[in-house]
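A.B. asks: sequence unknown, structure follows:
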């Protein structure tokens with residue numbers, strides 16, 4: 001359009017002169033040289049006018065003689081600049097540090113926008129996705145407000161006493177609180193926050209209005225209010241947060257989190273996070289390779305002890321990671337008695353030996369000790385090459401509570417000739433796709449939220465696994481009800497999602513017992529085949545056509561046949577699919593497929 005404007009006003013420059021000018025009038029502005037832009041007059045002063053460029057979002061004072069009447073042919077394209085509000089920064093929009101940071105990290109870049117509220121001025125979160133890791137622009141601007149004098153200052157070879165280890169992750173990363181000016185101010189401020197909430201009744205404005213990733217808020221944790229940052233949003237009820245001043249992560253209900261009261265907002269934002277991310281230096285295994293026994297020993301030895309000491313050996317600014325020697329209260333400063341040395345010397349680094357999985361209950365030898373395993377374990381014959389392969393299985397006692405059904409009640413399928421509203425979760429080709437009952441999707445969503453809140457707040461050991469048994473498995477940050485199909489030799493487990501119909505590979509460490517309250521809702525995945533088409537081999541093109549028209553869409557299924565199986569997941573229905581989303585006509589999917597096949601045959 002701007003190229004067309006350039007040519008148009010080059011030819012009609014004098015014809016489009018303005019005889020008068022008024023505020024809010026749309027004009028064509030000769031911004032520089034031969035460039036013409038659409039603009040709106042903001043104000044007029046003598047021989048100049050302030051013009052807002054409606055496609056770029058900024059204003060400029062320009063000579064009136066450079067303005068022309070905007071021809072009607074340039075009205076059709078909607079204005080391209082939209083005024084937005086950055087979520088979480090409403091109280092700091094005029095802060096010079098925030099404005100400068102925004103200009104540095106956002107201006108002139110192609111960004112991804114997440115719209116939180118659609119209004120005259122939308123509330124948004126911006127992301128820079130051009131690098132290896134996505135950058136939350138809102139969070140980056142919020143960080144610019146922080147008072148650097150309150151940061152925890154760690155330098156190589158510096159020593160610190162009265163250190164509190166607040167978190168030991170399952171990978172071996174530890175978080176420490178080091179006495180500092182910032183920690184002292186944070187403690188005092190949070191004490192006042194606590195008194196603030198005690199002295200006031202709970203009102204609706206205290207709850208989160210709009211949760212979003214990167215937002216700082218408050219959580220009542222272990223008897224006191226703590227600062228947290230939202231790291232992931234699972235649903236309208238469940239979110240993941242990281243405790244900013246202890247490093248711990250948790251899944252919580254949205255209703256458990258509070259907005260930071262405006263009275264304390266600037267104070268709490270200005271104080272940088274007080275949890276220092278560390279790793280123990282000179283250990284036999286790096287982060288991510290720790291054994292459960294080593295993690296457990298470290299937690300029992302140092303967690304929440306407020307008088308540990310540490311010596312900084314190395315600082316990795318790029319990873320925000322500090323390599324340290326850690327000392328218990330009685331061992332400082334003797335390096336030979338450091339936590340690092342004790343861990344290195346302890347017999348905690350031997351991973352459990354591989355075990356041979358058989359189809360019978362057995363006694364398995366691990367680390368020269370016989371441990372009786374009353375749960376059946378599995379030998380998965382994946383291929384001839386893998387017949388003698390072994391996998392690692394963590395042996396812990398697990399028995400179902402009395403009265404818990406092994407299998408949920410079966411979802412009643414409609415009879416042939418009847419119809420049901422469905423959602424297609426998986427579509428491979430017309431011969432195989434998976435349906436979910438539309439009327440049950442809300443119950444499934446609630447179940448998924450409850451599973452996140454249950455399993456993410458408990459750190460349990462993996463259980464012995466059996467083929468064709470039901471478990472809970474973590475897939476892409478969510479917990480699913482799954483059927484174990486097989487164990488691979490690299491520690492991965494092949495599972496089938498019983499509510500979505502997908503096959504996945506997950507780490508055996510991400511599998512847990514499926515407790516009773518999660519066995520009440522019928523499994524939602526219904527295997528299906530399209531009726532009205534010849535059953536045979538499907539080309540890739542036909543499969544893509546089918547998938548594009550049905551996957552992740554609500555449709556109506558008209559059941560033709562039901563093929564029962566030994567279990568729920570073995571059942572299969574043959575059904576017509578109908579897209580009723582168009583106002584004037586219903587689209588029968590088998591007609592689309594048949595038309596495509598006829599067209600291909602004719603060509």
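C.D. replies: All right, it came through fine. A quick note: this is a predicted structure, and the numbers were derived from the prediction, not measured.
A.B. asks: Please report how far the residue nearest to the spatial centre of the chain lies from residue 319.
C.D. replies: Residue closest to the mean C-alpha point of the chain, counted by CA atoms, centre = their mean, is residue 232 at 4.2 Å. Noted for residue 232: a distance of 21 Å to residue 319, by CB to CB, to the nearest Å. C-beta here means a position set from N, CA and C on the backbone, and glycine is covered the same way.
A.B. asks: cool, residue 158 as well?
C.D. replies: Note on residue 158: its distance to residue 319, by CB to CB, is 18 Å.
A.B. asks: Of those two, which one has the most company?
C.D. replies: Neighbours of residue 158 and residue 319, each counted by other CB atoms under 10 Å, are more numerous for residue 158; the result is 13 against 10.
A.B. asks: Please verify my assumption that that one contacts residue 311.
C.D. replies: Yes: at 7.5 Å, residue 158 counts as touching residue 311 under the criterion of CB atoms under 8 Å.
A.B. asks: Sketch out the helices for this protein, chain order is fine.
C.D. replies: 2-11, 96-105, 137-143, 181-198, 262-270, 292-302, 339-345, 441-455, 540-550, 589-602 (DSSP state H).
A.B. asks: Buried residues, the longest one. List them.
C.D. replies: For helix 181-198, the neighbour count (16 or more other CB atoms under 10 Å) marks 182, 183, 185, 186, 189, 190, 193 as buried.
A.B. asks: Check which helices and strands it is in contact with.
C.D. replies: Applying 3 or more CB pairs under 8 Å, 6 or more residues apart in numbering; DSSP states H and E, we find helix 181-198 packed against strand 224-233, helix 262-270.
A.B. asks: let's go with 10 Å and repeat that
C.D. replies: For helix 181-198, the packing partners by 3 or more CB pairs under 10 Å, 6 or more residues apart in numbering; DSSP states H and E come out as strand 174-177, strand 216-221, strand 224-233, helix 262-270.
A.B. asks: most neighbours per residue, which of those?
C.D. replies: Each of these was assessed for mean neighbour count using mean count of other CB atoms under 10 Å. The highest is strand 174-177, with a mean of 24.
A.B. asks: Just give me the neighbour total for residue 113.
C.D. replies: When neighbours are defined as other CB under 10 Å, residue 113 has 13 of them.
A.B. asks: Surely it touches residue 136?
C.D. replies: No: contact status for residue 113 versus residue 136: not in contact, 11.9 Å apart, counting by CB atoms under 10 Å.
A.B. asks: joint contacts of those two?
C.D. replies: Counting by CB atoms under 10 Å, 6 or more residues apart in numbering, the common neighbours of residue 113 and residue 136 are 125, 126, 127.
A.B. asks: In TSV, list these along with neighbour count.
C.D. replies: Formatted as TSV, the entries for those read as follows, by neighbours: other CB atoms under 10 Å:
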residue	neighbour count
125	22
126	22
127	18
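A.B. asks: In strands, which of those appear?
C.D. replies: The strands, defined by DSSP state E, take in 125, 126, 127 from the shared contacts of residue 113 and residue 136.
A.B. asks: contact partners of stretch 116-129?
C.D. replies: Contacts to stretch 116-129, defined as CB under 10 Å, 6+ apart, come from residues 82-88, 90, 102, 105-106, 109-115, 134-141, 209-215.
A.B. asks: Quick one: buried ones out of these?
C.D. replies: With burial judged by 16+ other CB under 10 Å, the buried subset of these is 86-88, 102, 105-106, 135-141, 211-215.
A.B. asks: What is the least confident helix or strand in the chain?
C.D. replies: Using mean pLDDT, DSSP states H and E, the weakest-scoring helix or strand in the chain turns out to be strand 362-366, at a mean of 28.
A.B. asks: which regions of this protein sit below the pLDDT cut-off?
C.D. replies: Across the chain, the stretches falling below the confidence threshold (pLDDT under 70) are 13, 284-285, 287-289, 346, 350-405, 461-462, 601-603.
A.B. asks: Could you rerun that using 50?
C.D. replies: Along the chain, the parts satisfying pLDDT under 50 run over 352-402.
A.B. asks: picking up where we left off before, nearest to residue 596, out of the shared contacts of residue 113 and residue 136: which one, please.
C.D. replies: The nearest member of the shared contacts of residue 113 and residue 136 to residue 596, counting by CB to CB, is residue 127 at 38.4 Å.
A.B. asks: Could you measure from that closest one over to residue 504?
C.D. replies: Taking CB to CB as the measure, residue 127 falls 27 Å from residue 504.
A.B. asks: Do a quick rundown of the strands in the stretch 1-150 of the chain.
C.D. replies: Taking DSSP state E, counting those that start in this stretch as the test, the strands found in the stretch 1-150 of the chain are 26-32, 35-45, 48-53, 59-63, 67-69, 85-86, 112-117, 123-128, 135-136.
A.B. asks: quick one: contacts for the residue nearest to residue 594 when sequence neighbours are not counted?
C.D. replies: By the measure of CB to CB, 6 or more residues apart in numbering, the closest residue to residue 594 outside its immediate chain neighbours is residue 533, 6.1 Å from it. Contacts for residue 533 (CB under 10 Å, 6+ apart) come out as 430, 431, 542, 546, 576, 589, 590, 591, 592, 593, 594, 597.
A.B. asks: what's the burial count for the nearest residue in space to the fifth one that is not next to it in sequence?
C.D. replies: Spatial nearest neighbour of residue 576, chain neighbours left out: residue 558 (4.2 Å); criterion: CB to CB, 6+ apart. For residue 558, the tally of surrounding residues (other CB under 10 Å) stands at 18.
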